[in-house]
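1. Okay, here's the prediction I keep looking at, along with the sequence it came from:
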Amino acid sequence: MDEDPIHDQTYAFAPNDPRSVGDLTFFADFENASDDFRVSYEPEDGAYEVAPYSWMHFGVDGVAGKRPTFRVDHPDHVDERRKFVWSPDGREWSYFEDITIDADRYAFATAEPFETDRVFVAGLFPYRLCDLEELRYNLRDSPYVSGLAPRGYSPDRRPIHGLAITDPDVPAAEKHNVVVMAGQHAWEAWGRQVCHGFLEAVASDDTVARRLRRKAVVHAYPIANPDGVTRGHMRDGTVDHNPNRAWIAGAPPEAERSPVPEVDVLRRAILEDTGGEATYFLDFHSHAGWYDRFMWYADGDDPAVSDLVEAIHRADGERHGDAIVGTETVGGAPNPERKTSKRWAEATLGATGLTFEATPYGSPSMERYRRAGGAFVAGLEAVLE
Ligand SMILES: [Zn+2]
């Protein structure tokens, strides 16, 4: 009956820091809960003001038979298409359907009263270390998976995991290195869902996956920022610095140290795992903004980029013409000084680099994000010789 001990252990707990607010009891002392979670009650309109707005993740007790309204400050780029999610157990998530927006406030509630006494509320389907543990557990006996181990540790001593997936019967010298990473920006869990689906698909019995494993070694680093993910931060880890601006070409001891220790763990690990050469580098992020479709920060004029993007979109069933490919940022001026992982991989590994941004509009299911990962398998298989 206990099919998933990893998740059950994560959520079967008594909150150590419950806060009574209005008629409810809130808590945020669990994995990925926002460590700056705030809540207050507005008795005149019966709404619970919660923050932070987008990377929120909290638990609340006492909701059975009730339909509380939660409210956040209304950010400019959020409209009624962007919905928050809730779960009775931290595993199965549903969108809030009842959305009310004015100039200052974004309010959300369920259409029907909650049935359970406890629910979790989040800005998006969380992707936590316990989700990665589940993937690692499921892949542990795969003949195609190797190196399933921490590559180093964060400042809080959390593991920075890596793994490799390939067909061991084909000599490494005959294969491409493909490096994939996710979770630099802690709250961008949609991208981690896609990466999770990608890794499951690469290791699967599917014919296309089989062909890709004979062409490539996929080196994966699925949670680059485990401190930020566990603490429910927006972007940073323990060090107050955007990790995706800290990738100085090369790696210590030859190259300068990064201000973000996790980036140095990854710089060394990727160089060691790949031997310093890769064909593609894909960094999975997500964007809460105005877009209905996948977005990419990559050089759309480079055929190695456009062919891969087109092949992925074709496999996913997205119309290629709807793909958004910006050279660096969408809606912002290019800044060649930005020390992103993509630039690092281009300079240090000679790779074609792409930063992928999953987007939330249309309220896709969690399975939809994971299924999109399968399209990356087909896309890479199509473009690699
Ligand atoms: Zn990001």
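-> Received, thanks. What you see is a predicted model, and the numbers here were worked out from it, not measured in a lab. Numbers count the residues shown, from 1 in each chain.

2. Let me see the backbone angles for residue 344.
-> Note on residue 344: its backbone torsions stand at phi -60, psi -50 [degrees, to the nearest 10].

3. Okay, strands next: where are they in the stretch 1-150 of the chain?
-> Using DSSP state E, counting those that start in this stretch, the strands of the stretch 1-150 of the chain run over 19-21, 24-27, 38-42, 47-51, 57-61, 69-73, 85-87, 94-95, 98-101, 105-109, 118-122, 145-153.

4. next helix or strand past the longest one?
-> Okay, so that is strand 145-153. As assigned by DSSP states H and E, the chain's next helix or strand after strand 145-153 is strand 159-165.

5. Residue 354 is in contact with residue 308, correct?
-> Yes. Using CB atoms under 8 Å, residue 308 makes contact with residue 354 at a distance of 7.0 Å. C-betas here are computed from N, CA, C, even on glycine.

6. Quickly list what's touching both of the two.
-> Counting by CB atoms under 8 Å, 6 or more residues apart in numbering, the common neighbours of residue 308 and residue 354 are residue 280.

7. before we move on, back to that, would you turn the strands of the stretch 1-150 of the chain into JSON lines with distance to the ion, mean neighbour count and mean pLDDT?
-> Below are those laid out as JSON lines (distance: least, CB to the ion, whole Å; neighbours: other CB atoms under 10 Å; pLDDT from 0 to 100):
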{"stretch": "strand 19-21", "distance to the ion": "30", "mean neighbour count": "14", "mean pLDDT": "96"}
{"stretch": "strand 24-27", "distance to the ion": "28", "mean neighbour count": "19", "mean pLDDT": "97"}
{"stretch": "strand 38-42", "distance to the ion": "24", "mean neighbour count": "14", "mean pLDDT": "95"}
{"stretch": "strand 47-51", "distance to the ion": "21", "mean neighbour count": "19", "mean pLDDT": "95"}
{"stretch": "strand 57-61", "distance to the ion": "17", "mean neighbour count": "23", "mean pLDDT": "96"}
{"stretch": "strand 69-73", "distance to the ion": "20", "mean neighbour count": "18", "mean pLDDT": "94"}
{"stretch": "strand 85-87", "distance to the ion": "19", "mean neighbour count": "20", "mean pLDDT": "96"}
{"stretch": "strand 94-95", "distance to the ion": "22", "mean neighbour count": "15", "mean pLDDT": "96"}
{"stretch": "strand 98-101", "distance to the ion": "25", "mean neighbour count": "14", "mean pLDDT": "94"}
{"stretch": "strand 105-109", "distance to the ion": "22", "mean neighbour count": "20", "mean pLDDT": "95"}
{"stretch": "strand 118-122", "distance to the ion": "17", "mean neighbour count": "22", "mean pLDDT": "96"}
{"stretch": "strand 145-153", "distance to the ion": "20", "mean neighbour count": "15", "mean pLDDT": "97"}
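
8. any idea how far residue 115 lies from residue 121?
-> Residue 115 sits 15 Å away from residue 121, taking CB to CB, to the nearest Å as the criterion.

9. Name the residues of the chain found near the ion, please.
-> 185, 188, 285 (CB under 5 Å from the ion).

10. Mind checking which of those are in strands?
-> Among those, the residues falling in strands (DSSP state E) are residue 285.

11. now, among the residues of the chain next to the ion, which is nearest to residue 106?
-> residue 188 (19.5 Å; CB to CB).

12. The closest one is in contact with residue 283, isn't it?
-> No. Applying CB under 8 Å as the test, residue 188 and residue 283 come out as separate, 10.5 Å apart.

13. Could you check which of those two has the larger neighbour count?
-> residue 283 (29 against 25; other CB atoms under 10 Å).

14. ok, that one - contacts?
-> Taking CB under 8 Å, 6+ apart, one finds 180-182, 184, 244, 340-342, 353-356 in contact with residue 283.

15. that's a strand at it, yeah?
-> Yes. With DSSP: H, G, I helix; E, B strand; the rest coil as the criterion, residue 283 is part of a strand.

16. how far away is the nearest residue to residue 377 once chain neighbours are set aside from residue 268?
-> Excluding its sequence neighbours, the residue lying closest to residue 377 (CB to CB, 6 or more residues apart in numbering) is residue 201, at 4.6 Å. To residue 268, residue 201 is 28 Å away according to CB to CB.

17. Could you give the bridge partners of residue 85?
-> residue 95, residue 122 (DSSP bridges).

18. wait, it sits on residue 125?
-> Yes. Residue 85 is in contact with residue 125 according to CB under 8 Å; the separation is 6.0 Å.
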